[in-house]
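In: please find the sequence and the predicted model below.
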Amino acid sequence: MKTVTWLAGIGTMLAGGAYMIVSLNRWEWNRALFFGLIVLIAEVGLSTGLVLRRLARLEYDRRSGVDPTIKAILRETRPPAPSRFAWMSEQSRDLNVFITFLVGGGVLISGVAWVVDRVASKTSSPIGEERLARQLEPISYPSGGLLLDDVTVLAQEVPGANDDQIRQLLRRGGRH
Amino acid sequence: MWRFKPVKVLLGTVGLAIGVAGVLALREATLSTHEDPEELGEKMELVVHASSKGGEGGQSLDEMVEAQLLACRLEVTSDYTGPIEPLGDGRYRAVLTPSLDLTNRKQFRGCVEDWVIDHVRINVVDLTELD
């Protein structure tokens, strides 16, 4: 915004000056006076702006209360700011360790996952299934069905206890 | 401590020379240098085009043009031989006698095209000597 204001002021002064000279050359005194007035207004505005800017700088220096020479020395001896991401801007021809680990780790994990997948697929073979069936046999239901007592049989008649799976388990007992 | 800088001195010298030359040229362009009246022609024809904008009520373009041309006639040594004739379409014609020398022509044209009277703008279409 300040730049635009300065440019507008300078442009107004230059254009007004140019028109003033042209008007003078054409013997158009009233026009020359008008453009001269514009130049004068722009000049006063620019001069005021320059003076105010200078005063503001002096005021800032006075308020800071520090010798400018000492400030300059301190500024020159200021340690450089640490660059925490310097490794990202390194322009080296060597392979980057981070990239190497990333790619190598990915390949390694993919290989392990492939081996695990192959081993897991072998454990569900038909032989394994038969072995599992034999292991489960001791805890399977009796082939003749569950032994029912009267209470269980009567429980089937309770409203809301109509369960097909229970009925299937008790099918061999039947209803009396 | 001041140090001699040739580039700055050269630029300053060039700027000063341009400024002085500009002022001298402007002085020359605005200086009245009249010729001998005996070498001038008899009559000179003036044709102008005028237009007005936002004038006061009761003002006509004719009288605004007449007022400005009469005011500008006072800046030169010539005078109108007759009335200012409206040609239509915002154009007006007048004849001046004796003819205007170079300086008077510039001065008269400048006055006619200047902001002398409010709300009217006049452009000189023709300002030539009559045979």
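Out: Sure, I can see it. Since this is a predicted model, take the numbers as computed values, not measurements.
In: most centrally placed residue in the chain?
Out: As the question left the chain open, I've gone with chain A. Centre of chain A computed as the mean C-alpha position; nearest residue by CA atoms, centre = their mean is residue A:85, 17.3 Å away.
In: you looked at the wrong chain, it should be chain B
Out: Geometric middle of chain B (CA atoms, centre = their mean) lands on residue B:110, at 1.6 Å.
In: grab the nearest non-local neighbour of that residue.
Out: Leaving aside its sequence neighbours, residue B:110 sits nearest to residue A:27 (CB to CB, 6 or more residues apart in numbering or on different chains; 2.8 Å). From N, CA and C alone the C-beta is placed, and that goes for glycine too.
In: that neighbour: what's it in contact with?
Out: Taking CB atoms under 8 Å, 6 or more residues apart in numbering or on different chains, we find residue A:27 in contact with B:30, B:106, B:107, B:109, B:110, B:111, B:114.
In: quick one: secondary structure of residue B:123?
Out: Per DSSP: H, G, I helix; E, B strand; the rest coil, the local secondary structure of residue B:123 is strand.
In: so which helix or strand takes in whatever residue of chain B ends up closest to chain A?
Out: Nearest residue of chain B to chain A: residue B:110, at 2.8 Å (CB to the nearest CB). Here residue B:110, judged by DSSP states H and E, is contained in helix B:102-112.
In: chain B versus residue A:40, what's the distance?
Out: 18 Å (CB to the nearest CB, to the nearest Å).
In: what pLDDT does that residue get?
Out: Listed pLDDT for residue A:40 reads 96.
In: one step back: so the residue nearest to the centre of chain B touches residue A:26, yeah?
Out: Yes - at 4.9 Å, residue B:110 counts as touching residue A:26 under the criterion of CB atoms under 8 Å.
In: shared neighbours of the two, anything?
Out: Joint contacts of residue B:110 and residue A:26 (CB under 8 Å, 6+ apart) do not exist.
In: quick one: secondary structure of the closest residue to chain B within chain A?
Out: Nearest residue of chain A to chain B, counting by CB to the nearest CB: residue A:27, 2.8 Å away. Secondary structure, three-state DSSP: residue A:27 is coil.
In: my read: residue A:28 touches residue B:112, true?
Out: No - Residue A:28 is beyond contact range of residue B:112, at 9.5 Å (criterion: CB under 8 Å).
In: many thanks, we can stop here.
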